[in-house]
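no letters, just coordinates:
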């Protein structure tokens, strides 16, 4: 049970974060410098000319002269009465439409999570069947699954499942058959991420000393597997909750491709039309779902940890296998292929339309040409510098932010859930409205919403580390709270969170490029990977190389990042296992009290 002060702190954090975001959204017309009344006039009274008198009438009708704070206060008072106001564009009640869109998005989210759990289970099955021995790979499958862009996967499934095979309807939301393709598009990347995180946690749990004790005591493999799964789930449950939230708010592209009238598509449309009441209600619905899922995830995690967390008896990791020579095969191959693509591409011209439109791959054009007759190898090679380079900077910034914020989980609960509930597209709209479209603005928008999963992972791991015996004894040995947090707990959680950050590199690169395609970042003719993907989707049936070229580069970059991060897991765990075998002494080296009491139990 959470103490009352902690519960009040978490509740206040959630309320303040939600109010701040909704107020910021309400101020969007004033921050953007664009005329909200002109946009509303075109949407509501298309037959009228935009004369000063007509614009003044719209301003008076909507009460825009009162200013954003007064309008926000009136809207908030109506929400407390159950009235979300009327749409500025259609002049209809906002509430029923948002609730209908929310129901559709929740249905799609549930179906996508079923797919994600199936993918996650298939990835975890080998390590469970072999009692931890199977964790010798480098996560290449997980990297490939995680790197698949949702909108690219959705377009491919649309062509294969709806056009070629005719098994499923291509668009709409009329029945269960409309759910299958969108759910697979969203579920496979999410399942790849969850599967990689859970396999990593299972490997660490199998290396803990209590597992060997259970084996010596004669426990069966299934019993040990169940116990290891229970031990591993707490650090992944919070990530699962954030993945669920992200599926609800981040399915804008999939909903758009399949013409699904979900909440993400409705909210994005309201933002583009400056329909502030609809946008505020949509954001509030997203944040409400985020808060509910966050509360449920925290409760499940506390139940799974059980009395070990309260008693301070969390187990310490044991030794793990050293990396073998063949474990370097995936990063070497992926890195070599990616370096060859970038090196050859940088020597070619990515801007000149010197080839036939959608020319097929050949010796002269290894990747073929795009719809404008430009060399795809050149565009992919040059795009690596801007796309991956900017994504790497964003991931590093998010990692540093997460490590700091995750050490204070109660106060950060509200901002964390708010950041994860907002898809990068909506954050990009807000940033572009304030600072204008630019590469830096797109990077800032993605960073504003991408630190949340890493911070949640940090908080979950830090809570477990605090409950381990060698950490519990540190105050008795004279170690202060600040030194214990930054010298010992942070060092213990930094490695796993850094590997999680590496998993998010391809998704970050795709988010940056998607914002550029929408006009919220660098535009044409910049050779961004996401721009190349978006341009080629319309030709995927007749010219598949238009999307295979940037997709293969993105998958190679992801496999390289994840496989390299996986090689480091063995060394870090081996170091922790040596500390665990020696008790608390290696951890508190340098503390006078620790040296004087090293032999005292």
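Ah, there it is. Predicted model only: the values in this text are computed from it and were never measured. Numbering: from 1, shown residues only.

so which residues of the stretch 251-400 of the chain form helices?
Ranges of helices in the stretch 251-400 of the chain, per DSSP state H, counting those that start in this stretch, are 252-257, 263-272, 276-305, 307-311, 329-346, 376-405.

check the offset of the second one from the chain's centre.
Put plainly, it is helix 263-272. 19 Å (Cα atoms, centre = their mean, to the nearest Å).

out of the helices of the stretch 251-400 of the chain, flag the one nearest residue 454.
Closest of the helices of the stretch 251-400 of the chain to residue 454 is helix 376-405, at 3.4 Å (criterion: Cβ to Cβ). The way it works is simple: take the backbone N, C-alpha and C, and place the C-beta from them, glycine included.

same question for that closest one: list its buried residues.
Residues of helix 376-405 classed as buried by neighbour count (16 or more other Cβ atoms under 10 Å): 376-384, 386-388, 390-392, 394-395, 397-399, 401-403, 405.

same question for stretch 269-289.
Going by neighbour count (16+ other Cβ under 10 Å), the buried part of stretch 269-289 is 269-271, 273-287, 289.

now for residue 513: which residues touch it?
Residues counted as contacts of residue 513 (Cβ atoms under 8 Å, 6 or more residues apart in numbering) are 387, 521, 528-531, 533-534.

could you dump the residues you listed to JSON lines with distance to residue 372?
Output for those, formatted as JSON lines (distance: Cβ to Cβ, whole Å):
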{"residue": "387", "distance to residue 372": "19"}
{"residue": "521", "distance to residue 372": "20"}
{"residue": "528", "distance to residue 372": "14"}
{"residue": "529", "distance to residue 372": "16"}
{"residue": "530", "distance to residue 372": "16"}
{"residue": "531", "distance to residue 372": "12"}
{"residue": "533", "distance to residue 372": "15"}
{"residue": "534", "distance to residue 372": "13"}
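
tell me the one of the residues you listed nearest residue 27?
The shortest approach to residue 27 among these belongs to residue 521, at 22.4 Å (Cβ to Cβ).

surely the closest one is in a strand?
No. Residue assignment for residue 521, taken from DSSP: H, G, I helix; E, B strand; the rest coil, gives coil, which places it outside any strand.

who's in contact with the residue nearest to it when sequence neighbours are not counted?
Nearest in space to residue 521, with sequence neighbours left out and distances taken as Cβ to Cβ, 6 or more residues apart in numbering, is residue 442 at 3.2 Å. If you count contacts by Cβ under 8 Å, 6+ apart, residue 442 has them with 428, 431, 512, 515-516, 520-522.

next: residue 17.
Residue 17 is in contact with 287, 414-415, 417-418, counting by Cβ under 8 Å, 6+ apart.

low-scoring pLDDT stretches of the stretch 301-450 of the chain, where are they?
In the predicted model of the stretch 301-450 of the chain, residues 305-327, 409-410, 420-423, 433, 436 satisfy pLDDT under 70.

typo on my end, it should be the stretch 451-600 of the chain
For the stretch 451-600 of the chain, the stretches with pLDDT under 70 are 517-519, 561-600.

would you map the strands across it?
For the stretch 451-600 of the chain, applying DSSP state E, counting those that start in this stretch gives no strands.

how many neighbouring residues does the closest residue to residue 417 other than its chain neighbours have?
Excluding its sequence neighbours, the residue lying closest to residue 417 (Cβ to Cβ, 6+ apart) is residue 290, at 4.3 Å. Residues lying near residue 290 (other Cβ atoms under 10 Å) number 29.

how much space between residue 290 and residue 40?
Residue 290 sits 29 Å away from residue 40, going by Cβ to Cβ, to the nearest Å.

before we move on, what about residue 366?
Taking Cβ to Cβ, one finds residue 366 at 51 Å from residue 40.

which one of these two has more residues nearby?
It is residue 40, of residue 366 and residue 40, that has more neighbours when counted by other Cβ under 10 Å, with 25 against 16.

distance of residue 393 relative to residue 387?
Counting by Cβ to Cβ, the gap from residue 393 to residue 387 is 11 Å.

same deal with residue 87?
Computed as Cβ to Cβ, the residue 87 to residue 387 distance reads 37 Å.

can you name the residues that contact the nearest residue to residue 458 once chain neighbours are set aside?
The spatial neighbour of residue 458 that comes closest, neighbours along the chain excluded (Cβ to Cβ, 6+ apart), is residue 406 at 2.6 Å. By Cβ under 8 Å, 6+ apart, residue 406 lies in contact with 412, 454-459, 462, 493, 497.

and the residue lying closest to residue 262 once chain neighbours are set aside, how many neighbours?
The shortest distance from residue 262 to any non-neighbouring residue, by Cβ to Cβ, 6+ apart, is to residue 105 (4.0 Å). Here the number of neighbours of residue 105 (other Cβ under 10 Å) works out to 27.

buried residues of whichever strand or helix holds residue 105, list them for me.
Element membership of residue 105 [criterion: DSSP states H and E] is helix 94-129. Neighbour counts over helix 94-129 (16+ other Cβ under 10 Å) mark 94-95, 97-98, 101-102, 104-109, 111-113, 115-117, 119-120, 123-124, 127-128 as buried.

repeat that for stretch 358-373.
Across stretch 358-373, burial judged by 16+ other Cβ under 10 Å covers 358-359, 361, 365-370.

which ones are touching residue 487?
For residue 487, the contacting residues are residue 479, by Cβ under 8 Å, 6+ apart.

residue 480 versus that one, what's the distance?
Applying Cβ to Cβ, the value for residue 487 to residue 480 is 9 Å.

same thing with residue 414?
With the distance defined as Cβ to Cβ, residue 414 ends up 28 Å from residue 480.

the two: which is more packed in?
Using other Cβ under 10 Å as the criterion, residue 414 and residue 480 rank with residue 414 on top: 26 against 11.

and that one, helix, strand or coil?
helix.

was I right about it contacting residue 9?
No. Between residue 414 and residue 9 there is no contact under Cβ atoms under 8 Å: 9.7 Å.

farthest-separated two in the buried residues of stretch 358-373?
Greatest spacing in these, by Cβ to Cβ: 358 and 366 (15.1 Å).

and stretch 440-451, which residues are buried?
For stretch 440-451, burial by neighbour count (16+ other Cβ under 10 Å) applies to 441-451.

so which of those residues are in strands?
Judged by DSSP state E, strands contain none of the buried residues of stretch 440-451.

now these in CSV, with distance to residue 65?
Below are these laid out as CSV (distance: Cβ to Cβ, whole Å):
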residue, distance to residue 65
441, 30
442, 34
443, 36
444, 32
445, 30
446, 36
447, 36
448, 31
449, 33
450, 38
451, 38
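
how about the nearest residue to residue 62, chain neighbours excluded?
Residue 62 sits nearest to residue 88 (Cβ to Cβ, 6+ apart), 6.1 Å away.

pretty sure the one you found belongs to a helix, no?
No. Counting by three-state DSSP, residue 88 is located in no helix; its state is coil.

contacting residues for it?
By Cβ under 8 Å, 6+ apart, the neighbours of residue 88 are 36, 40, 43-44, 62, 273-278.

let me know the closest of the residues you listed to residue 196.
For those, the nearest to residue 196 is residue 278 (37.2 Å; Cβ to Cβ).

from residue 268, how far off is that closest one?
Counting by Cβ to Cβ - residue 278 and residue 268 are separated by 11 Å.

same question for residue 57.
Taken as Cβ to Cβ, the spacing of residue 57 relative to residue 268 amounts to 28 Å.

residue 101 now?
Distance of residue 101 to residue 268, given as Cβ to Cβ: 11 Å.
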